[in-house]
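Enquirer: sequence first, predicted coordinates after that:
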Number of protein chains: 6
Amino acid sequence: MELKNNKYFSHIKEGLISKSTGFIGSTEDYSSASLVILGVPLDCTVSFRPGTRFGPQEIRLQSEGLETYSPYLDRDLNDYAYCDAGNIILPQGQLKECFRRIQVIINNLLEGGKFPFFLGGEHLITLPAVEVVARLYPDLAVLQFDAHADLRDVYLGDKFSHATVMRRITEIIGGKNLFQFGIRSGTKEEFIFAQKETNFFPFEVKEPLKKVNSFLRGRPVYITLDIDVCDPAYAPGVGTPEPGGCTPQELIQALHLMGAQQVVGMDLVEINPLSDPTARTAALGAKLVREAILSFGRPCL
Amino acid sequence: MELKNNKYFSHIKEGLISKSTGFIGSTEDYSSASLVILGVPLDCTVSFRPGTRFGPQEIRLQSEGLETYSPYLDRDLNDYAYCDAGNIILPQGQLKECFRRIQVIINNLLEGGKFPFFLGGEHLITLPAVEVVARLYPDLAVLQFDAHADLRDVYLGDKFSHATVMRRITEIIGGKNLFQFGIRSGTKEEFIFAQKETNFFPFEVKEPLKKVNSFLRGRPVYITLDIDVCDPAYAPGVGTPEPGGCTPQELIQALHLMGAQQVVGMDLVEINPLSDPTARTAALGAKLVREAILSFGRPCL
Amino acid sequence: MELKNNKYFSHIKEGLISKSTGFIGSTEDYSSASLVILGVPLDCTVSFRPGTRFGPQEIRLQSEGLETYSPYLDRDLNDYAYCDAGNIILPQGQLKECFRRIQVIINNLLEGGKFPFFLGGEHLITLPAVEVVARLYPDLAVLQFDAHADLRDVYLGDKFSHATVMRRITEIIGGKNLFQFGIRSGTKEEFIFAQKETNFFPFEVKEPLKKVNSFLRGRPVYITLDIDVCDPAYAPGVGTPEPGGCTPQELIQALHLMGAQQVVGMDLVEINPLSDPTARTAALGAKLVREAILSFGRPCL
Amino acid sequence: MELKNNKYFSHIKEGLISKSTGFIGSTEDYSSASLVILGVPLDCTVSFRPGTRFGPQEIRLQSEGLETYSPYLDRDLNDYAYCDAGNIILPQGQLKECFRRIQVIINNLLEGGKFPFFLGGEHLITLPAVEVVARLYPDLAVLQFDAHADLRDVYLGDKFSHATVMRRITEIIGGKNLFQFGIRSGTKEEFIFAQKETNFFPFEVKEPLKKVNSFLRGRPVYITLDIDVCDPAYAPGVGTPEPGGCTPQELIQALHLMGAQQVVGMDLVEINPLSDPTARTAALGAKLVREAILSFGRPCL
Amino acid sequence: MELKNNKYFSHIKEGLISKSTGFIGSTEDYSSASLVILGVPLDCTVSFRPGTRFGPQEIRLQSEGLETYSPYLDRDLNDYAYCDAGNIILPQGQLKECFRRIQVIINNLLEGGKFPFFLGGEHLITLPAVEVVARLYPDLAVLQFDAHADLRDVYLGDKFSHATVMRRITEIIGGKNLFQFGIRSGTKEEFIFAQKETNFFPFEVKEPLKKVNSFLRGRPVYITLDIDVCDPAYAPGVGTPEPGGCTPQELIQALHLMGAQQVVGMDLVEINPLSDPTARTAALGAKLVREAILSFGRPCL
Amino acid sequence: MELKNNKYFSHIKEGLISKSTGFIGSTEDYSSASLVILGVPLDCTVSFRPGTRFGPQEIRLQSEGLETYSPYLDRDLNDYAYCDAGNIILPQGQLKECFRRIQVIINNLLEGGKFPFFLGGEHLITLPAVEVVARLYPDLAVLQFDAHADLRDVYLGDKFSHATVMRRITEIIGGKNLFQFGIRSGTKEEFIFAQKETNFFPFEVKEPLKKVNSFLRGRPVYITLDIDVCDPAYAPGVGTPEPGGCTPQELIQALHLMGAQQVVGMDLVEINPLSDPTARTAALGAKLVREAILSFGRPCL
């Protein structure tokens, strides 16, 4: 542990990680933490409104308006040890180097036995994340909550993009290990692909998740939550608002359902503070982080 | 020079250069189009927050964040031929001249056999539009989705205003040919008038529409959709936010229901980008345009 | 009556009250009014986003976009006599002096037989208000609609704060006379306190209110409505957005239910125009004021 | 049908319908144009506030508020033939591919004898632009108007960035062919490098330009104008506001001075509409484009 | 006097004037006032960004941040008797009726011996105002401070528009009685017209005004001040930002210079609060109103 | 020193100080620092637009867009040792307790031999600051750069307010030890008081400072800089915009002039990020902090 800890601090010294005001209730004590929050402000392949790079910092800021106690679960963050490790520093124009940095750091987290909790940044960060996590858990299932299928093969001539990220992931874990919830936008090709190749539950979130839940029992699960699965009324701070989404309550209940699973990693992506002057998208993000930690994080003994 | 010119246009064809800002999937080929989108940026009689003149341009911009494919209907805009004809140029202070211009152009559209789809602008544009359409279809039914009754006889001493527009229309088509859905605001006089004179279904949208649907079968129908029928949570970009409205899903379903009717024209009005820094009202507008075209537009053969 | 009236005008002359554009349909005739709207722009103990001082003025401004007629109740504000008395002038840094001024004025209102309707301002204003009202009605019940329990004993070393206000009120009226609806945030201690000491109905608004309603019959009731009981989708203009709240319709119905009670005073607090560029929070506030007056105000004879 | 079609197009000709959103006074006729405006919305290496991708579109929009006539020069854009060729489509995450696309298109422009006028996007676009232009004009002088030196060798481990762009350009054209005006921010190393290696005129714009002007006579000149050379009071829509800059008048006069030179290309970069809700930065940009065209563009015969 | 006073109050009763929170230091006592501030929120012929209808209300609001004392002139508004008469209620779509109402009210002001001070609203309001004033003062000189010449004969097929207003005025008072300062935008035709027909001082404000000042001695003068004569850095809240304008200090000094003249009326137009989230344009407007009153208003005896 | 250091860390533990992302180039090593930056987010007595509580955090954020090197002075922050000690935690409603906390901490700073540099917060923080500093330096001169005199005796019945702060300070240090620059707003009484009692240089900044400079030689000087001394064009993020102020360049030069003095403390107050969506006010603030440190801070040996 000592050794991993050294690696973490050496990342700070090498300029790979910037320290900052942490998520509510988080500790600066990396070594004792079982869960690590890490900002991954990649904001580079978006074709519409940029700004997800400010997501992690705004989620932290808005978390101050929350309480550590969840009346839904009757649990308190004060009984959990998690560390906010700051943001990875990313040279936005160099996607390969960004991926390399993300993977070096995730690898360390996993080797150190930490639960990785990523705050995006754009959805593309899920690719390097799942790539590393899937190496450790070969039978990994990925659960995607999203408005968009993100299953294009190529987007604007690009294999690596927020619009292709889940297609790339099917190539790593196999299409049938991808479970997609709440999708309500995509090309015809993406919907045909999804219906054939993935476990595809369009439009709905909670009901299909209930069905899938027992089926997943015992398998390692990675959750990727694109905030635009929510209706723009609740989450206006996104790159591309897609009307007709779910409510915050459905997402909170979905996270609670996941308490029955062996969740091994999670990301929350695409929160764009530049598109939300009211900051309630980041406030929702902070609340989802709290409920996720309390639902499937490990409390202190 | 000719040769270079070819190179330039080949860049456009190869997708290296973007040109035009029409609605997603629209063509510039007017003659082959069966449906024509036309911006009518009248923004003149509003008493509160102006800005609907920017509606058409913002709806087009936000349409770029949509896909052409509707997973709700399993249909694709690529199979439909519609033209985005740009905006009518209007001298805002001269209402009569504005009306004249609108009617000249609509008349041409109808004579050319085009389905007219108007993007407002304020609700008053429905008056010159219905006047022309009703000449062609004497038994026209008008379906209004709106938060406000718009049935005043006079408003601020004015016969022609966003607050009187539907009253004027009852004078053209007869009150019983006006079907009003979702109305939740008006003077006592307007509600009394509506209950006596029009087909009036306050507060609700989908359920009364279902009832009316079979009744309308076979009649020509014009739809006027004031975006403020939606709750301001989903459509904050309006002149006068009126809490307590319907959801985007209800409107999408309403448009799908209309697929069974002989719809002969439609307008989408009162989207005000100046009141919505998140742009999700225009994104909703763009989605409604897509679902409307796919629901009752004519696909290419 | 003449005498009280004089007191009111002397407050203006003494610089205790500032006059302003009134709420829709309000009169300037204090003496004939049975209900008095009073702005109380206290904006001082908030730890996060300030701005509730602009609440009263924005609610009045947005009320101009409303009609005086309620189609829900089929009643019209024109049949009610209520006076908009302007805003109390408050030296924000001197909490004691602020309390003193608030209580002097409320006292006059009550002595004059007026129904007091306060527009906040932060939630702390409920404390001096209830203190005065409870003197007149010793068996007063207080109904709180809120996202936050506000039951801390001390907050940032402070006994008097928006986070402690309802705890102070339990000390005045007794915990069992406090009825709390819709609460979805608080510390563990607050939830334990509430479950033991108050009539506590977390998460829900309308259903528990129905149960309580017959129980309250005949007792004097004071209503304090913190707008953040609504979901931030409907009410983004608040100090601390807390996702997962109720809808405007539920609040409107709750106010209608209260028509069966002997309501003796009400406040509507925590509307923060600085956090809502779309102004729909204040528009919702204005609508709630209208429905409240029409539900339990006294119409003219 | 043909006939109706004529009517539609005649509406455009008669000024009843507006089409296209090119820069004011621009033509769509590429072949007859001597100058071509091209949007290059690269927005990828910025470390602070993104959004320059929206620069070209906002400059075009704001140009509609201008007149084609310049009272400063007593010349009119109507006497000049320039084409607005739209925006290059760029896959933001793939810098190499972006550069390739930019250079293919610029090459075509130059081979076609067009004067290239680029609207950024971030400052890095100057690198591929100058690389192509310098191949055609080996003795090219580059004039940079900027708040920042942009002379770092490496930035965040990156050789290609908005902070290194002018250093890379010195490697192409030689440091002494770079003329820097108005610089008021940089590292100590950058200022030392500039004082030794480039023609460096910090803080001031107009006076040093006058001195340099006769010296440049006869040489091909490329102008790169980073809008942040202006004080943020005049140009708030930038990535990194740097107080203490010049006025619009100084820039206008600088462009007029350049009328005496053989200018062979120009870019205007770093206008970020997301940081300027008043849109006056883009309005300034549009005015500078007009004065530049009128100052050193070629009028029609 | 009593009679005029009655007319004023009858305007309120007839719904021609709406009352509102007044300009700092203003009285509600119409009859004793020598100067009357009147809001004229016409906002109808603008082709770009609407919103000047909110100008009068925002100027009043921002005036509260001012002091009544001017350290420039060492005079205090408390020594002046001026009434804020509220806003004229205008049916925006009916330009003729708007003009009629404006002229009825101005006529009353002049008959009552009041100095009229109009707060726009768009620039077109100067036309009905000058028309009435010039009837009383046949040798009236009009001084225009403006970025735009506003001398078009027709604009968008319209004779009456913010772009044609000063041309219409030359037809009333004669071109040589119009003095134009600070103009920096217009068509070639407008500049040619101005140079031939009006007293035209483009680009500059203070220096030409000094020259003109002695020349004007003894003549009745009407001042129309379009806030966009100021640079958008100081006055971003305008319909069309035109970089390169004057400073607030120059305008303040210009108003002080006018203290030597027989000023008989003034308007301050084109302040658009919707385009200025910082509200400093209205704050500048309020300061200019104060300096104007103190410079050429009549103090109480 | 060790001991003071302990005190500082104990403040963090006691919840008096919150740690946060520091000012550019600052160290976390309190003991080796000769200058300490401390946020004092008091935001409580303002009568108009609140929000200065967010000043310190936004100044730090914007400082990241600066370089550590000043080309004006050819000095680099890297050669200076200063610590960013975070923000004092303040219970806004309890002014006395706020003052007590501020003074406890300043006292420790001074006892530890640190140069105190305060980031406001509202101007009232200067009172407790000067009170402590003047105890250590009995012949203290205070230099105030400000748009407003802040010399009222009482404001809204309050002795302690942003509008009375400098009057209170004259009672501590004597009026003739207060030097006021750039004042352009106040009541008549304030101007009379200033002209009689203080060293008063209204309207101007740099010229009078030059005169005063030699006079001050050898005396301990405290600088209080209210950002609204700058024109709102450069510093829109203020509570009350007052047009007609100085430029950033004048302030930078003023700070450079102070390098010749024995400056013993400084505050920079009234930066209100809520009123400036462009963030350039905080960017200016950050630049002024840098120039101040480089001008009169002590470099490392």
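Expert: Looks like it came in fine. Numbers count the residues shown, from 1 in each chain, chains lettered A, B, ... in the order given.

Enquirer: quick one: pLDDT of A:E111?
Expert: As predicted, A:E111 sits at a pLDDT of 93.

Enquirer: what number of residues lie near it?
Expert: 12 (other Cβ atoms under 10 Å in any protein chain shown). C-beta: built from backbone N, CA, C; applies to glycine.

Enquirer: gap between it and A:I89?
Expert: 21 Å (Cβ to Cβ, to the nearest Å).

Enquirer: what's the nearest residue to the residue in the stretch 51-200 of chain A positioned nearest to chain C if we skip its chain neighbours?
Expert: Relative to chain C, the nearest point of the stretch 51-200 of chain A is A:G65 (4.0 Å; Cβ to the nearest Cβ). In space, and not counting its chain neighbours, A:G65 is closest to C:T240: 4.0 Å by Cβ to Cβ, 6 or more residues apart in numbering or on different chains.

Enquirer: show me the contacts for the one you found.
Expert: Neighbouring residues of C:T240 by Cβ atoms under 8 Å, 6 or more residues apart in numbering or on different chains: A:G65, A:A283, C:F48, C:R49, C:H148, C:D228.

Enquirer: kindly indicate which of those lies nearest chain F.
Expert: Nearest member of the contacts of C:T240 to chain F, counting by Cβ to the nearest Cβ, is C:R49, at 8.0 Å.

Enquirer: my read: the closest one touches C:P273, true?
Expert: No. Counting by Cβ atoms under 8 Å, C:R49 stays clear of C:P273, with 11.0 Å between them.

Enquirer: lowest-confidence entry in the contacts of C:T240?
Expert: C:F48 (80).

Enquirer: how many other residues sit next to it?
Expert: Counted with other Cβ under 10 Å, C:F48 comes out at 18.

Enquirer: give me the element it is part of.
Expert: Assigned by DSSP states H and E, C:F48 belongs to neither a helix nor a strand.

Enquirer: list phi and psi for it.
Expert: The phi/psi pair for C:F48 (degrees, to the nearest 10) reads phi -110, psi -110.

Enquirer: contacts only, for it.
Expert: So C:F48 contacts A:E64, A:G65, C:G239, C:T240 (Cβ under 8 Å, 6+ apart).

Enquirer: again with A:G25
Expert: A:T68, A:L77, A:N78, A:Y80, A:Y82.

Enquirer: if we go to 6 Å?
Expert: Taking Cβ atoms under 6 Å, 6 or more residues apart in numbering or on different chains, we find A:G25 in contact with A:T68, A:L77.

Enquirer: against D:E28, how distant is it?
Expert: 59 Å.

Enquirer: please apply the same query to A:G121.
Expert: 39 Å.

Enquirer: tell me which residue in the stretch 151-300 of chain A sits closest to chain E.
Expert: For the stretch 151-300 of chain A, Cβ to the nearest Cβ, closest residue to chain E: A:P277, 9.9 Å.

Enquirer: burial of that residue, as a residue count?
Expert: 19.

Enquirer: same question, A:C44
Expert: A:C44 has 30 nearby residues by other Cβ under 10 Å.

Enquirer: give me the nearest residue to the residue of the stretch 51-200 of chain A found nearest chain B, chain neighbours excluded.
Expert: The minimum distance from the stretch 51-200 of chain A to chain B, using Cβ to the nearest Cβ, falls at A:K188 (4.5 Å). Residue nearest to A:K188 in three dimensions, not counting chain neighbours: B:Y69, with 4.5 Å by Cβ to Cβ, 6+ apart.

Enquirer: what's near enough to touch the one you found?
Expert: A:T187, A:K188, B:D76.

Enquirer: and which of those residues is nearest chain F?
Expert: Distances from chain F to those, taken by Cβ to the nearest Cβ, are shortest for A:T187, at 36.1 Å.

Enquirer: contacts only, for that closest one.
Expert: Applying Cβ under 6 Å, 6+ apart to A:T187 gives the contacts B:E67, B:Y69.

Enquirer: measure it to F:R135 for me?
Expert: 73 Å.

Enquirer: low-scoring stretches of the stretch 51-200 of chain A, by residue?
Expert: Nowhere does the stretch 51-200 of chain A drop to pLDDT under 70.

Enquirer: okay, and the beta partners of the residue nearest the centre of chain A?
Expert: The residue lying closest to the centre of chain A (Cα atoms, centre = their mean) is A:D267, at 1.2 Å. Judged by DSSP bridges, the bridge partners of A:D267 are A:F118, A:T224.

Enquirer: just the pLDDT for it.
Expert: 98.

Enquirer: can you tell me the element A:G285 falls in?
Expert: Secondary structure (DSSP H and E) places A:G285 in helix A:280-296.

Enquirer: still on that earlier bit, widest-spaced pair of the contacts of C:F48?
Expert: Spatially, the most separated pair among the contacts of C:F48 is A:E64 and C:G239, at 11.8 Å (Cβ to Cβ).

Enquirer: more neighbours: which of the two?
Expert: C:G239 (24 against 15).

Enquirer: return the distance of that one relative to chain B.
Expert: Distance of C:G239 to chain B, computed by Cβ to the nearest Cβ, to the nearest Å: 19 Å.

Enquirer: got it, and A:S214?
Expert: Going from A:S214 to chain B by Cβ to the nearest Cβ gives 27 Å.

Enquirer: picking up where we left off before, quick check: the farthest pair among the contacts of C:T240?
Expert: Greatest spatial distance among the contacts of C:T240 (Cβ to Cβ): C:R49 and C:H148, at 14.3 Å.

Enquirer: more neighbours: these two, which one.
Expert: C:H148 (28 against 22).

Enquirer: isn't the more buried one up against C:G182?
Expert: No. Using Cβ atoms under 6 Å, C:H148 makes no contact with C:G182, being 9.8 Å away.

Enquirer: in the sheet, who's paired with A:L143?
Expert: A:F179, A:I223.

Enquirer: pretty sure it sits against A:I223.
Expert: Yes. Assessed by Cβ under 6 Å, A:L143 is found in contact with A:I223 at 5.0 Å.

Enquirer: report whether stretch A:225-233 contacts chain B.
Expert: Yes. Counting by Cβ under 6 Å from any Cβ of the partner chain, chain B has neighbours in stretch A:225-233: A:P232, A:A233.

Enquirer: measure A:N78 to chain F for me?
Expert: 15 Å.

Enquirer: can you give me the neighbour number for that residue?
Expert: 13.

Enquirer: what secondary structure does it sit in?
Expert: Three-state call for A:N78 (DSSP: H, G, I helix; E, B strand; the rest coil): helix.

Enquirer: chain A: strands as residue ranges?
Expert: A:17-18, A:35-40, A:69-70, A:75-76, A:82-88, A:115-120, A:141-145, A:178-181, A:199-201, A:220-226, A:262-269 (DSSP state E).

Enquirer: of all the ones you listed, which lies closest to F:D43?
Expert: strand A:82-88 (26.7 Å).

Enquirer: and that closest one, C-alpha only, in CSV?
Expert: Below are the C-alpha coordinates for strand A:82-88, written out as CSV (Å, rounded to 0.1, in the frame of the first residue of the first chain):
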residue,chain,number,x,y,z
TYR,A,82,-13.1,7.6,0.0
CYS,A,83,-10.4,9.9,-1.3
ASP,A,84,-10.8,12.7,-3.9
ALA,A,85,-7.6,12.4,-5.9
GLY,A,86,-8.1,15.5,-8.0
ASN,A,87,-8.0,15.7,-11.8
ILE,A,88,-5.8,14.0,-14.3
